[in-house]
Structures are given as structure tokens and as C-alpha cells.
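1. I would like to see how this sequence folds:
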Amino acid sequence: MKVTKFETWWVRRDQCLFDEKRQGGSAMPWDVVVLKLTCDDGTEGIATAMAARSGQVTEGYLQETAAPLVLGRDPHDREAIFYDFWNLDRHEAFYPVFLPGPVDVALWDICAKKAGLPLYKYIGGYRESLPVYASSLFYDDPKVYIDEALHYRSMGINCYKVHPSGPVEKDMEIHRKLREAVGDDMGLMSDPVGEYTLDEAIRVGRQLEKLNYIWFEEPFRDFELYKYQKLCQTLDIPIAATETTRGAHWGVAQSIAQNAADIVRADVSWKCGITGTLKIAHMADAFGLNCEIHTTTMNYMDLVNLHVSCAIRNCKYFEYFVPEDSFRFPMKGDLPIKDGRIYVPKEPGIGAELDWDLIKDNCVAHKVKTLDQDFIE
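-> Below is the predicted model:
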């Protein structure tokens, strides 16, 4: 069994999910690249890749850097391919953090389908569902957060993570008003994706402790280990970090070794796929830490996150990025959420379908590499 075809579809989403401040003054179309690997026996593995700011960059790296590494390989050799990606990156490929993940996911999808098992069972099942928390975008008006939290609570989702938009004083106002509005019986988290000073983060963290928030996430850049270490030492509320840490499990290990995180973060898009995410989750488990899985911003890949979350013990929640219409594309249907819980699919592989008519209607480029030739449609 070997991979004989490597296909990509660059699909235009024509939507920006960040405000102007977080766009950085440049265009940010949040496109998607669909990836399909086909083996010589016809088995297919499918994944989606982030293409924020430039679908051409994602498409180019996949076609020119990833495809030659994967074509002709046995999809069961995922561990060898994982390390080959790292060697390639070190020797001046310097690809985006979200490049290896979709390729690894497609390989796992092939193998789980070949085994006739849902992905979480192929990995090794631990559970079949998780409680969901709704996770906001960035808004200027505190009322928008309040209305959104109450909306999802009415749908049975009793946990909400706010992404306050800054500055610190405004973030603290949002935290307070949100808690007052939802009462004490709804779980809340805060993730400012921030650039706080250490003093600011301590002040916000102490407020969140008084307001009984579940965790405080990413008040600094993930490489600011000294600040994270001091924050973890000072506060009682758990500090969640490592969402954007480079270096897969090696990078996250530095945060754990420096006591710079109470909860680590990983996902199958930014942490080198299922292989990398499992390495991080198992390492965190050995140190008694939870690995809370981070949204990929694409529902199809978030289902892969769900499979991983149902194959590990040390994850408590499923992150549900909302409003959901922004993240469903290009998957068919909705995520399998009922009464505040999400249930893992039972079909072989990932267990979801993409909307191929939608993909073709919005396709910028379809490129194919095989062992013998390349062509573009």
C-alpha cells in the first residue's frame, strides 16, 4: 500500500474572521485548501488546511514541499514521515506551522478506513463524547458577548470562552459584565490572545479568580516563558498556554519544564497532526497536566480534534468556535452536538463528508501530483 496521488483544491471562503486591528493592515481572506491523498488500492485520506492571508502559500508548500515527501510512501509509516517533515523543515524549508498537520491527518484517515474503524478507535478509544464550550470571536461591544453566551446556553451549551478585544481595562469590563449577565452557574474562560505586561496579566488574573472563571489563556505570546512562569507562580487560576508554540512536543516540553503552563494546548492543524498532538497530550499526562485541544477554525478538522480528544484522558472540553456558520465550510452538515455535548462519529475514518459541489464552485485552483506527472485543472 502506498500513496500514489496528492491533490489539493484551493477554495475561496471570502470571509475575514478578525477585526481590522488583528488583520495587521493587510487583507485576510480565510480560505481553505482541501487535501486528498489516494493510495494504489483506491483508499483515500482527506484533510483541510488553513489558508489565511494567502491560499497560494498554503497550496504551494503542500504541492512543492509536502507532496514529494509523501508520494510513494506507505501511509502506515506515519512516525517516519513525521520526523522526515521535521528534518525537511530544519534544512531550510521553513514552512508554516499548519503545513504538516493536514498531511498527517490524511494519512491517519487512510489507515483508519483501511482498518474499518472510526479514527478514535483506531488510535485507541477512551470515551465517546465531551462537553462543549462555545468560543467567541473578537467584539468591541460587551453586549455582543453576553447575547452570544446566553444564546448558546439556551441551546444547552453551558460553558463559554470570551476573546476580549483589549485594552486591559475594557477586557476587565467584559469579564465582569459577562459574569453578571450569565450568573454563577455558567462556566467561563478568557482568552485575550494578548500582549499584556506581566503586571496587567496578574491584575486580570486576580479579577478572573474572583469571578470564578475556569482558566486564563494566552495573555502573552507563547515564547514569553519567563512571564508565564511568574504568572503561574502568582495566580491560583489555571493558566492555559502553548497554543502557538512551535516545535510540536519539543516546544511544549519547554513550557512544562519551566512551570510556565498549568494547561497545555494542541490541535491537529498547528501541532503536526494527530501524531504531534498525541505526543503533546501523552507528555502532558505524564506531568499531570490537561491538554485542552484548540480549534482549527475548520469544522472538518475539529472533528479530527474530537477523535483525538476521545482517545486521550487528559482533555475536559471540546472547543466550539462560534458563530458556527463561519467555520462549517467546506464540511457538509453540522458538528454532532446535542444537549451541550459532542459525540464522536462511528463511521470508519474521520466520519464526515465535504461538500464537493461547494468546493468546485469556489475553487481557485485544483492541482494534482502523482508518481509520474503533475497537472492543473
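
2. what's the spacing between the most centrally placed residue in the chain and Pro102?
-> Relative to the mean C-alpha position of the chain, the nearest C-alpha, by Cα atoms, centre = their mean, is the one of Thr296, at 2.8 Å. Distance from Thr296 to Pro102, counting by Cβ to Cβ, to the nearest Å: 9 Å. Where C-beta positions appear, they are placed from N, C-alpha and C, glycine not excepted.

3. now the helices: where do they sit in the stretch 1-150 of the chain?
-> Counting by DSSP state H, counting those that start in this stretch, one finds helices in the stretch 1-150 of the chain at the ranges 20-23, 55-61, 67-70, 78-88, 100-115, 119-123, 142-154.

4. comparing these, which gets the lowest mean pLDDT score?
-> When the helices of the stretch 1-150 of the chain are compared on average pLDDT, helix 20-23 comes out lowest at a mean of 58.

5. Nearest to Leu198 among the helices of the stretch 1-150 of the chain would be which one?
-> Between Leu198 and those, the shortest separation by Cβ to Cβ is 22.2 Å, and it involves helix 20-23.

6. Now for this protein, the helix or strand with the poorest mean pLDDT.
-> Comparing every helix and strand of the chain by mean pLDDT, DSSP states H and E singles out helix 20-23 as the least confident one, with a mean of 58.

7. Could you chop this structure up by domain?
-> The record, using the TED database to delimit domains, assigns the chain the ranges 1-115+354-368, 118-341.

8. Present the ones you listed as CSV; the columns should include distance to Asp374.
-> Formatted as CSV, the entries for the domains of the chain read as follows, by distance: least, Cβ to Cβ, whole Å:
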stretch, distance to Asp374
domain 1-115+354-368, 7
domain 118-341, 24
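
9. Torsion angles phi and psi at Cys54?
-> You called it Cys, but residue 54 is Ser. Summarising the backbone geometry of Ser54 under the convention degrees, to the nearest 10, its torsions are phi -150, psi 100.

10. show me the contacts for Pro192.
-> Applying Cβ atoms under 8 Å, 6 or more residues apart in numbering, we find Pro192 in contact with 163-164, 166, 171, 204, 217-219.

11. Of those, which is the nearest to Glu128?
-> When those are ranked by distance to Glu128 (Cβ to Cβ), Glu217 comes first, at 26.5 Å.

12. Counting neighbours, what do you get for that closest one?
-> Summarising burial for Glu217: neighbours were counted as other Cβ atoms under 10 Å, giving 24.

13. Distance check, it against Ser154.
-> Glu217 is 25 Å from Ser154, where distance means Cβ to Cβ.

14. same check, this time on Asp74
-> Applying Cβ to Cβ, one obtains 49 Å for the distance of Asp74 from Ser154.

15. Settle it for me: which of those two has more neighbours?
-> Under the neighbour definition other Cβ under 10 Å, Asp74 and Ser154 were set side by side, and Asp74 has more, 15 against 8.

16. I figured that one was touching Met1, is that so?
-> Yes - with contacts defined as Cβ atoms under 8 Å, Asp74 counts as touching Met1 at a distance of 5.8 Å.

17. hang on, the earlier thing: anything in contact with each of Thr296 and Pro102?
-> By the contact definition Cβ under 8 Å, 6+ apart, Thr296 and Pro102 are jointly contacted by Ser269.

18. contacting residues for the closest residue to Thr296 other than its chain neighbours?
-> Beyond its immediate neighbours in the sequence, the residue positioned closest to Thr296 (Cβ to Cβ, 6 or more residues apart in numbering) is Ser269, lying 3.9 Å away. Shown in contact with Ser269 (Cβ under 8 Å, 6+ apart): 49-50, 98, 101-102, 296-298, 301.

19. Whichever of those residues end up buried, select them in ChimeraX.
-> Isolation of the buried members of those (16 or more other Cβ atoms under 10 Å) is achieved in ChimeraX through the command below:
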select :49,50,98,101,102,296,297,298,301
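
20. Could you list which of the contacts of Ser269 belong to strands?
-> The subset of the contacts of Ser269 located in strands under the criterion DSSP state E comprises 49-50.

21. Output the contacts of Ser269 in JSON lines, with distance to Arg12 appended to each entry.
-> As requested, the contacts of Ser269 are arranged in JSON lines below (distance: Cβ to Cβ, whole Å):
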{"residue": "Ala49", "distance to Arg12": "14"}
{"residue": "Met50", "distance to Arg12": "14"}
{"residue": "Phe98", "distance to Arg12": "18"}
{"residue": "Gly101", "distance to Arg12": "21"}
{"residue": "Pro102", "distance to Arg12": "18"}
{"residue": "Thr296", "distance to Arg12": "18"}
{"residue": "Thr297", "distance to Arg12": "15"}
{"residue": "Met298", "distance to Arg12": "14"}
{"residue": "Met301", "distance to Arg12": "18"}
